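Student: here's my sequence, what's the structure:
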Amino acid sequence: MKIILVGYGKMGRLIEKRAVEKGHEIAAVIDPGVENKLSGQGARVFKSVDAFEKEEKERGTPAECIAIDFSHPASVERNIRDFAERRIPLVVGTTGWYDKLEELSGLVKSKHSSLLWASNFSLGVNIFYKIASYCAAIFDNYGEYDVAGYEIHHKQKADSPSGTAKTIGGIMLKNMKRKNKLVWDKLDRPPEADEIHFASLRSGAEPGVHGLIFDSAVDSIEIKHTARNREGLVYGAILAAEWLEKTTRSGKYGVFTMEDVLG
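Tutor: This next block holds a predicted model:
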């Protein structure tokens with residue numbers, strides 16, 4: 001599998017290293033902020049997908065690639081449009097752009113291209129989603145238990161709340177009839193009966209913690225996922241790219257999520 005890496009920060013470098021170890025080829029790195037001509041694994045670095053495409057045409061050997069985006073929320077819309085126009089399947093792990101999801105999904109489909117996105121590619125987090133869904137449905141029947149959520153990430157994270165927190169919050173609302181609203185900002189008042197307060201904290205180098213608390217006057221039940229490092233995200237992103245490459249090779253295109261990858 002030939003991979004175009006979009007964004008060459010910590011995640012991009014880890015994905016490059018692990019992908020090469022798995023026998024994949026890094027066809028190029030796209031990052032306007034990287035001045036080096038070669039990446040850590042010897043891949044060519046370009047400031048834009050246009051520059052990569054131009055060189056591929058000059059070589060006369062355009063590569064069939066899968067792109068993986070861990071860039072910046074402000075860049076994602078442009079990246080999705082660029083790759084959809086070229087019908088290059090794209091895996092997006094960047095969060096903070098979901099207000100454009102419906103519009104960009106329509107664009108990808110109209111171009112007969114492919115997009116696979118997830119708020120979190122970690123296998124453990126996706127299992128956590130299923131546990132959260134199950135818990136929400138149970139506790140919805142017991143009004144004496146209230147629910148709240150929290151997430152903690154490193155201070156370099158560009159968006160807040162995290163995309164994973166938004167996914168968890170959506171799962172809560174979907175499975176709890178007595179809850180209708182998520183509150184992400186601070187509360188200077190008691191929460192309403194139909195509200196779920198979901199707090200965010202940014203500090204240090206924490207790779208990611210997400211938790212739910214089901215609390216009553218007599219006891220409290222908490223479920224939590226703690227990422228020890230970024231390796232889970234790296235593994236999941238490469239797995240998603242392998243799945244998308246196989247899927248598009250079979251002639252199937254469209255917009256997919258980690259649920260499709262994990263069945």
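Student: so who does A137 touch?
Tutor: N175, M176 (CB atoms under 8 Å, 6 or more residues apart in numbering). Backbone N, C-alpha and C define where each C-beta goes, glycine included.
Student: what are the ranges of the helices in the stretch 51-200 of the chain?
Tutor: With DSSP state H, counting those that start in this stretch as the criterion, the stretch 51-200 of the chain has helices at 73-85, 101-110, 123-139, 163-175.
Student: can you pull the buried residues of the third one?
Tutor: This means helix 123-139. L123, V125, N126, F128, Y129, A132, C135, A136, F139 (16 or more other CB atoms under 10 Å).
Student: let me know the closest of those residues to A241.
Tutor: A241 has its nearest neighbour among these in L123, at 14.7 Å by CB to CB.
Student: count of neighbours near V255?
Tutor: 18 (other CB atoms under 10 Å).
Student: what helices or strands is the longest helix along the chain leaning on?
Tutor: Identified as the longest helix of the chain according to DSSP state H is helix 231-249. When contacts are defined as 3 or more CB pairs under 8 Å, 6 or more residues apart in numbering; DSSP states H and E, helix 231-249 packs onto helix 10-21, strand 66-69, strand 90-92, strand 114-117, helix 123-139, helix 258-262.
Student: go again with 6 Å.
Tutor: helix 10-21, strand 66-69, strand 114-117 (3 or more CB pairs under 6 Å, 6 or more residues apart in numbering; DSSP states H and E).
Student: any chance of JSON lines for those, columns mean pLDDT?
Tutor: Putting the helices and strands packed on helix 231-249 into JSON lines (pLDDT from 0 to 100) gives the following:
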{"stretch": "helix 10-21", "mean pLDDT": "95"}
{"stretch": "strand 66-69", "mean pLDDT": "96"}
{"stretch": "strand 114-117", "mean pLDDT": "98"}
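Student: would you reformat these as CSV and include distance to K166 and mean neighbour count?
Tutor: Formatted as CSV, the helices and strands packed on helix 231-249 follow (distance: least, CB to CB, whole Å; neighbours: other CB atoms under 10 Å):
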stretch, distance to K166, mean neighbour count
helix 10-21, 19, 19
strand 66-69, 18, 27
strand 114-117, 13, 26
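Student: T95 touches G163, doesn't it?
Tutor: Yes: assessed by CB atoms under 6 Å, T95 is found in contact with G163 at 2.9 Å.
Student: who touches both of the two?
Tutor: Shared contacts of T95 and G163 (CB atoms under 6 Å, 6 or more residues apart in numbering): S119.
Student: so which of the two has more stuff around it?
Tutor: For T95 versus G163, neighbours defined as other CB under 10 Å are more numerous around T95 (23 against 20).
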